[in-house]
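**Student:** how does the following fold in three dimensions:
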Amino acid sequence: MADPSIQIVDGVIRKLLSVQDKPTQTEVTDITTDEVLLLCRLSPDLYTLDQIKNIRRPTDVPDEGLLCDLLWSDPDPDSQGWTESDRGVSYIFGTDVVDQFLKTHDLDLVCRAHQVVSDGYEFFAGRKLVTIFSAPNYCNEFDNAGAMLVVDENLRCTFKVLASSDKRKQSTKKG
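**Tutor:** Residues are numbered from 1 along each chain as shown. As a prediction, this is how the structure comes out:
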């Protein structure tokens with residue numbers, strides 16, 4: 001029997017991909033958007049969205065290649081194109097990579113995770129990519145907030161921010 005959490009994630013991805021032909025808003029004026037179409041990172045080996053659907057699950061993560069990059073590649077505002085990451089796994093990529101990926105696949109937004117960001121979420125490439133990190137005070141080493149992307153039945157997206165424990169302690173002392 002398949003892992004229920006994998007079935008849920010696959011179902012969410014299928015639903016999000018199914019709205020690809022719907023008209024999109026022409027202007028983003030706040031931290032919401034009407035369409036979210038992809039939940040992953042990027043890879044220089046990613047040519048079609050079917051490649052993501054065709055990844056066998058469960059599986060071990062290889063040291064290189066598409067699945068490794070989908071989990072470990074990171075945006076970098078000072079990069080153009082694809083550059084090997086200093087941490088020795090996968091790549092860093094610039095805004096040009098995000099722009100080309102979205103244009104090629106007729107998408108509006110890339111949602112990614114698996115990287116600590118101080119406010120729980122962080123936009124990149126003119127709000128065309130968002131990193132979401134849900135664990136506040138990650139490993140008790142970071143004073144970061146956590147965040148969750150909430151997608152309603154109309155695919156309207158908002159963020160629920162989870163304050164770091166230091167900030168929760170400060171607000172408790174004030175009250």
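
**Student:** do you know how far the one residue sitting closest to the centre of the chain is from His105?
**Tutor:** The residue lying closest to the centre of the chain (CA atoms, centre = their mean) is Arg112, at 1.1 Å. Computed with CB to CB, to the nearest Å, the distance linking Arg112 and His105 is 15 Å. (Each C-beta comes from the backbone N, C-alpha and C, glycine too.)

**Student:** residue ranges with poor pLDDT in this structure?
**Tutor:** Applying pLDDT under 70 to the chain flags the ranges 1-41, 166-175.

**Student:** what about the residue nearest to Ala113 when sequence neighbours are not counted, neighbour count?
**Tutor:** Spatially, and ignoring its direct neighbours in sequence, Ala113 is nearest to Ile132 (5.1 Å; CB to CB, 6 or more residues apart in numbering). The local packing of Ile132 (other CB atoms under 10 Å) involves 19 other residues.

**Student:** and if you look at Leu155?
**Tutor:** Leu155, neighbours per other CB under 10 Å, totals 15.

**Student:** now Met148, which residues is it bridged with?
**Tutor:** Lys160 (DSSP bridges).

**Student:** how about Leu67, secondary structure?
**Tutor:** Under DSSP: H, G, I helix; E, B strand; the rest coil, the three-state class of Leu67 is helix.

**Student:** ok, it touching Ile55?
**Tutor:** Yes: Leu67 is in contact with Ile55 according to CB atoms under 8 Å; the separation is 5.9 Å.

**Student:** what about these two, which has more around it?
**Tutor:** Leu67 (18 against 10).

**Student:** for His114, see how far away the more buried one is.
**Tutor:** Relative to His114, and taking CB to CB, Leu67 is found at 13 Å.

**Student:** also Leu70?
**Tutor:** Distance, Leu70 to His114, by CB to CB: 10 Å.

**Student:** of the two, which one has the most company?
**Tutor:** Each of Leu70 and His114 has its neighbours counted (other CB under 10 Å); Leu70 has more, 22 against 14.

**Student:** next up, phi/psi of that one, please.
**Tutor:** Main-chain dihedrals, Leu70, degrees, to the nearest 10: phi -60, psi -30.

**Student:** from Thr158, how far off is it?
**Tutor:** Leu70 is 25 Å from Thr158, by CB to CB.
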